[in-house]
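In: Let's see this in three dimensions:
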Amino acid sequence: MPAYRAGFRVAGHFVWTPGVVLNPFTGSRLLPARRQNARTLISQRTQTRGPPRGTTISSMPIALVTGASRGVGRGVALGLAAEGFTVYATGRSIDSADLPPSITRLRCDHSNDFDTDRVFGRLAEDGSELDLLVNSAWGGYERMVEDGKFTWGLPFWQQPAHRWSSMMDAGVRSAFAASARAAPGMIARRKGLIVNISFWAAQKYLGNSIYGIAKAATDKMSSDMAHELRPSGVAVVSLYPGLVRTEAVMEAARGGWLDISNSESPEFIGRVIAALSGDPQLMGRSGQIVVAARLAQELNVLDTDGRQPIPLTLASV
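Out: Sure thing, here's the model as predicted:
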């Protein structure tokens with residue numbers, strides 16, 4: 001059964017891109033390196049449960065998404081699963097996350113190295129060789145209001161001490177720790193991709209100084225990891241989402257505080273990462289900052305509503 005071409009209605013949306021082979025379940029473009037027949041895609045999509053403990057799965061690329069209980073991380077896990085990845089999803093509250101049974105949930109506080117070790121122990125037990133690591137764990141948006149006061153935007157000398165830990169430890173350090181555990185297996189197989197979720201605060205003041213420090217550290221970490229991994233054929237990038245329709249963003253939009261006319265679904269970020277992982281130019285992008293919506297235009301990745309969001313820039317963010 002051939003993969004769908006433009007002009008078919010896919011998942012409730014009319015896909016109009018001419019002459020492009022499409023994933024029959026998501027409507028996203030299949031790049032030449034990732035084109036498969038629809039029978040393979042159906043086999044991948046219809047798996048209903050995560051792999052039993054100790055089961056080896058080699059027919060699909062394997063991804064680990066940290067911080068997948070909600071927000072961008074959850075969307076990435078959903079997007080990758082829809083694109084045919086076997087997905088392991090971690091988070092402190094992952095047990096209660098709104099995820100399908102095909103995604104394997106592993107409860108983990110990534111600020112605790114013992115928890116992170118247990119996750120990678122489970123991957124080894126399953127014989128799962130990691131193709132993709134997406135570091136989305138982040139505690140920086142927690143406790144933004146304390147005792148009725150919005151403390152997130154305070155100057156650095158008035159910031160509560162926990163905000164440094166939630167951004168630098170639960171964010172930057174946890175990404176470093178997960179990457180350090182993922183790298184040896186990728187190096188051994190001379191392939192793999194590590195994606196660190198970052199944002200424009202690395203380059204422009206947005207909100208508070210700790211936020212900028214954390215995101216700048218993430219970008220520098222991605223750049224230097226890429227330098228050290230390049231001889232092994234393993235790529236690392238920092239990925240900048242746009243305005244993502246997370247649970248918190250949608251709540252703000254309902255209150256009239258945010259304009260979401262140019263926004264991205266959380267699943268869109270997963271679609272972009274899936275396309276990036278199959279991009280023949282992947283190693284040329286390693287060490288760079290990748291703006292999700294800009295890459296989507298380049299690789300013709302559509303959002304769940306069939307649109308392509310307009311990329312943010314340093315000036316417009």
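In: Which residue ranges of this protein form helices?
Out: Ranges of helices in the chain, per DSSP state H, are 38-45, 71-82, 113-126, 161-164, 174-189, 209-229, 247-254, 266-277, 282-285, 292-299.
In: Now residue 189: closest residue in space that isn't a chain neighbour?
Out: residue 129 (6.4 Å; CB to CB, 6 or more residues apart in numbering). Placement of C-beta: from N, CA and C, glycine included.
In: re the thing from before, please identify which of the helices of the chain is closest to residue 99.
Out: helix 71-82 (6.3 Å; CB to CB).
In: what is the mean pLDDT for that closest one?
Out: Model confidence over helix 71-82, given as mean pLDDT, is 96.
In: Give me the distance from it to the chain's centre.
Out: 7 Å (CA atoms, centre = their mean, to the nearest Å).
In: Next, find the distance separating residue 280 from residue 263.
Out: 30 Å (CB to CB, to the nearest Å).
In: Who has more neighbours out of these two?
Out: Neighbour totals were compared for residue 280 and residue 263, and residue 263 leads with 19 against 10 (other CB atoms under 10 Å).
In: residues touching the more buried one, list them.
Out: Residue 263 sits next to 242, 243, 244, 245, 249, 309 when contact means CB atoms under 8 Å, 6 or more residues apart in numbering.
In: Surely the third one and residue 267 touch.
Out: No - if you go by CB atoms under 8 Å, residue 244 and residue 267 don't touch, sitting 9.8 Å apart.
In: what sits in contact with each of the two?
Out: Common neighbours of residue 244 and residue 267 (CB under 8 Å, 6+ apart) are residue 75.
In: which residue packs closest to residue 107, ignoring adjacent ones?
Out: residue 94 is the one closest to residue 107 (CB to CB, 6+ apart), at 5.3 Å.
In: count of residues packed around the one you found?
Out: Residue 94: 24 neighbours (other CB under 10 Å).
In: how about it, what does it touch?
Out: Shown in contact with residue 94 (CB under 8 Å, 6+ apart): 68, 69, 105, 106, 107, 108.
In: Output those residues in JSON lines, with neighbour count and distance to residue 217 appended to each entry.
Out: Shown next, in JSON lines, are those (neighbours: other CB atoms under 10 Å; distance: CB to CB, whole Å):
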{"residue": "68", "neighbour count": "30", "distance to residue 217": "22"}
{"residue": "69", "neighbour count": "23", "distance to residue 217": "23"}
{"residue": "105", "neighbour count": "20", "distance to residue 217": "28"}
{"residue": "106", "neighbour count": "20", "distance to residue 217": "26"}
{"residue": "107", "neighbour count": "16", "distance to residue 217": "26"}
{"residue": "108", "neighbour count": "26", "distance to residue 217": "21"}
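In: ok, residue 244 and residue 267, which is more surrounded?
Out: Per other CB under 10 Å, whichever of residue 244 and residue 267 has more neighbours is residue 267, with 24 against 21.
In: Distance check, the more buried one against residue 84.
Out: Residue 267 is 14 Å from residue 84, by CB to CB.
In: wait, residue 304 sits on residue 264?
Out: No - assessed by CB under 8 Å, residue 304 is found out of contact with residue 264, at 9.3 Å.
In: Spatially central residue in this protein, please.
Out: residue 76 (4.3 Å; CA atoms, centre = their mean).
In: Could you give the number of residues near residue 269?
Out: Using other CB under 10 Å: residue 269 sits among 31 other residues.
In: In contact with it, which residues are there?
Out: Taking CB under 8 Å, 6+ apart, we find residue 269 in contact with 72, 75, 76, 79, 197, 239, 241, 244, 292.
In: where's the nearest residue to the fifth one once chain neighbours are set aside relative to residue 239, distance?
Out: Closest residue to residue 197 in three dimensions, ignoring its sequence neighbours and counting by CB to CB, 6+ apart: residue 136, at 4.7 Å. From residue 136 over to residue 239 the distance is 9 Å, taken as CB to CB.
In: In contact with the nearest residue to residue 195 once chain neighbours are set aside: list those residues for me.
Out: Nearest residue to residue 195 in three dimensions, chain neighbours excluded: residue 134, at 4.7 Å (CB to CB, 6+ apart). Counting by CB under 8 Å, 6+ apart, residue 134 makes contact with 63, 64, 65, 66, 73, 76, 80, 195, 197, 273.
In: What is the burial count for the nearest residue to the fifth one once chain neighbours are set aside?
Out: Which is residue 73. In this structure, residue 73 finds its nearest non-sequential neighbour in residue 136, 3.5 Å apart by CB to CB, 6+ apart. Residues contacting residue 136 under the criterion other CB under 10 Å number 29.
In: ok, now how distant is residue 136 from residue 109?
Out: Distance of residue 136 to residue 109, given as CB to CB: 14 Å.
In: What of residue 160?
Out: 20 Å.
In: what comes up buried for stretch 182-194?
Out: Within stretch 182-194, the residues scored as buried using 16 or more other CB atoms under 10 Å are 182, 183, 185, 186, 187, 191, 192, 193, 194.
In: distance of the fifth one from residue 116?
Out: Shown here: residue 187 relative to residue 116, a distance of 18 Å by CB to CB.
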